[in-house]
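Chemist: what would the 3D arrangement of this be:
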Amino acid sequence: MKLERACIYPKDIQRITGRTERYGRKLLSKIKQHFNKEPHQFITIKEFAEYSGINEDVIKEYIMD
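Modeler: All right, here's what the predicted structure looks like:
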């Protein structure tokens, strides 16, 4: 059984959006505020998809090499 990664990182956002890694960090902070998460908590692919409006399958194509 192949395990899939559950969380998303700034570098993933950079690959998906074509923006800088710094933009990815800022966006993750905004998403954490949106979902009332603590700074140490992770953002899941599902949460990123919900916030950004990008389909989960599209996101997984970018982060699952």
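
Chemist: now do the buried residues in whichever strand or helix holds residue 31.
Modeler: For residue 31, the host element (DSSP states H and E) is helix 21-34. Neighbour counts over helix 21-34 (16 or more other CB atoms under 10 Å) mark 24, 27-28, 31-32 as buried. Backbone N, C-alpha and C define where each C-beta goes, glycine included.

Chemist: ok, so of these, who is nearest residue 61?
Modeler: When these are compared for distance to residue 61 (CB to CB), residue 24 wins out at 17.3 Å.

Chemist: ok, now which ones touch the residue nearest the centre of the chain?
Modeler: Closest to where the C-alpha atoms of the chain average out (CA atoms, centre = their mean) is residue 8, at 3.7 Å. Contacts for residue 8 (CB atoms under 8 Å, 6 or more residues apart in numbering) come out as 28, 42-45, 48, 59, 63.

Chemist: could I have the buried ones of those as PyMOL selection syntax?
Modeler: This is how PyMOL selects the buried members of those, with burial counted by 16+ other CB under 10 Å:
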select buried, resi 28+43+44+45+48+59+63
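
Chemist: between the contacts of residue 8, which is closest to residue 16?
Modeler: Comparing these against residue 16 with CB to CB places residue 59 closest, at 6.3 Å.

Chemist: does the closest one touch residue 51 like I think?
Modeler: No: if you go by CB atoms under 8 Å, residue 59 and residue 51 don't touch, sitting 11.2 Å apart.
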